[in-house]
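J.: sequence plus the predicted model coming up.
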Amino acid sequence: MSMESSRKLVEEKNLRHIAFIMDGNGRWAKKRGMPREFGHKEGAKVFRHIVDYCFNTGIKNVTVYAFSTENWKRSEREVSSLMTLFTAYIKDAFEEIRKNDARVIFLGDKNAFSGKLRKQMEKLEKESEKGTYILNVALNYGARAEIVRAVNCLLKEGKTEVSEEDISSRLYTKNSPDPDLIVRTAGEQRLSNFLLWQAAYSEFYYTDTLWPDMNDEEIDRAIEAFGARTRRYGAVV
């Protein structure tokens with residue numbers, strides 16, 4: 001399938017939001033006899049290209065799972081390498097958001113990061129807030145923690161009874177529709193504490209491709225698979 005075909009399906013099937021669980025950086029590096037940090041560096045390059053490609057197909061919202069609350073358990077060396085990559089991305093992103101007319105939103109608790117990195121994240125969110133496209137970057141993110149945070153926000157507001165809409169409006173992803181399609185790479189088939197509330201009616205696409213090997217053709221295949229499905233939302237069609 002070509003980009004033009006993908007654009008047509010995106011429009012016909014109303015594919016508004018695609019989310020990625022970017023898995024396999026470490027395995028990709030290990031296969032090449034390189035340290036895990038090398039895989040993360042290559043994966044970061046691919047991430048930028050894939051986001052651009054999705055926006056170019058007409059998908060208005062892209063979410064990526066970059067660093068979970070559980071990822072702090074990894075080695076100090078690997079975590080330090082990831083923090084360096086995040087800092088470099090934010091530095092370059094100010095130019096990228098102008099090119100792509102994109103709004104960047106960080107999902108997760110920023111308090112775990114250094115004051116300098118946190119200020120850079122907040123500055124990028126502020127400067128990009130008028131963008132047409134939305135890129136959600138999940139950093140220090142966990143879906144259960146997100147739901148607990150939303151409920152606590154409502155309690156602080158004095159709510160004694162809440163609706164689904166109340167919770168949805170307090171989630172980190174409140175500026176985007178729920179994901180239509182969630183893509184997970186590297187052959188894994190689980191959500192891993194990612195967008196648990198938002199994924200209630202998402203379609204899933206799993207691929208054995210390791211994240212650093214993701215390319216346009218794989219995205220086209222994911223969009224094609226989405227286009228072939230009938231979304232019932234619990235009803236009989």
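T.: That came through, no problem.
J.: which helix or strand in the protein has the lowest average pLDDT?
T.: helix 76-100 (a mean of 78; mean pLDDT, DSSP states H and E).
J.: need the residues that contact it.
T.: The contact list for helix 76-100 (Cβ atoms under 8 Å, 6 or more residues apart in numbering) reads 36-37, 40-41, 44, 48, 51-52, 55, 66-67, 71-72, 102-104, 113-114, 117, 120-121, 124, 127-128, 131, 133, 139. In short, each C-beta sits where N, CA and C put it, glycine included.
J.: next structured bit after that helix?
T.: Of the helices and strands lying after helix 76-100 in sequence (DSSP states H and E), the nearest is strand 102-107.
J.: what does the helix or strand that that next one is followed by contact?
T.: Later in the chain than strand 102-107, the nearest helix or strand by DSSP H and E is helix 115-127. With Cβ under 8 Å, 6+ apart as the test, helix 115-127 has contacts from 83, 86-87, 90-91, 93-94, 97, 103-106, 110-111, 113, 139.
J.: and the most centrally placed residue in the chain, what does it touch?
T.: In the chain, the C-alpha nearest the mean C-alpha coordinate belongs to residue 64, at 1.7 Å (Cα atoms, centre = their mean). Residues in contact with residue 64 (Cβ under 8 Å, 6+ apart) are 19-20, 22, 47, 51, 135-138.
J.: show me where this structure has strands.
T.: Here the chain has its strands, by DSSP state E, at 17-21, 61-68, 102-107, 133-141, 181-184, 203-206.
J.: please name whichever of those strands is nearest to residue 169.
T.: Of all those, it is strand 102-107 that lies closest to residue 169, at 14.6 Å by Cβ to Cβ.
J.: partner strands of that closest one, with direction?
T.: Under the criterion DSSP bridges, strand 102-107 sits next to strand 133-141 (parallel) in its sheet.
J.: put the alpha carbons of the strand it pairs with into PDB.
T.: Extracted C-alpha coordinates of strand 133-141, given in PDB (Å, rounded to 0.1, in the frame of the first residue of the first chain):
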ATOM      1  CA  TYR A 133      -1.800  18.100  15.100                       C
ATOM      2  CA  ILE A 134      -1.200  16.600  18.500                       C
ATOM      3  CA  LEU A 135       1.800  14.400  19.600                       C
ATOM      4  CA  ASN A 136       1.300  12.900  23.000                       C
ATOM      5  CA  VAL A 137       4.600  11.700  24.500                       C
ATOM      6  CA  ALA A 138       4.100   9.400  27.500                       C
ATOM      7  CA  LEU A 139       7.000   9.900  29.900                       C
ATOM      8  CA  ASN A 140       7.000   8.500  33.500                       C
ATOM      9  CA  TYR A 141       3.500   7.400  32.500                       C
END
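J.: got the angle for it vs helix 115-127?
T.: Strand 133-141 and helix 115-127 meet at an angle of 160 degrees, taking axes from the mean of the first three to the mean of the last three Cα atoms, to 10 degrees as the criterion.
J.: got the angle between strand 133-141 and strand 17-21?
T.: 30 degrees.
J.: which residues touch strand 133-141?
T.: So strand 133-141 is contacted by 19, 51, 55, 60-69, 72, 86, 100-110, 112-113, 121, 172-173, 175-176, 194 (Cβ under 8 Å, 6+ apart).
J.: for that strand, the averaged confidence score.
T.: The pLDDT scores in strand 133-141 average 94.
J.: just the buried subset of the contacts of residue 64, written out for PyMOL, thanks.
T.: Here is the PyMOL command that picks out the buried ones among the contacts of residue 64, judged by 16 or more other Cβ atoms under 10 Å:
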select buried, resi 19+20+22+47+51+135+136+137+138
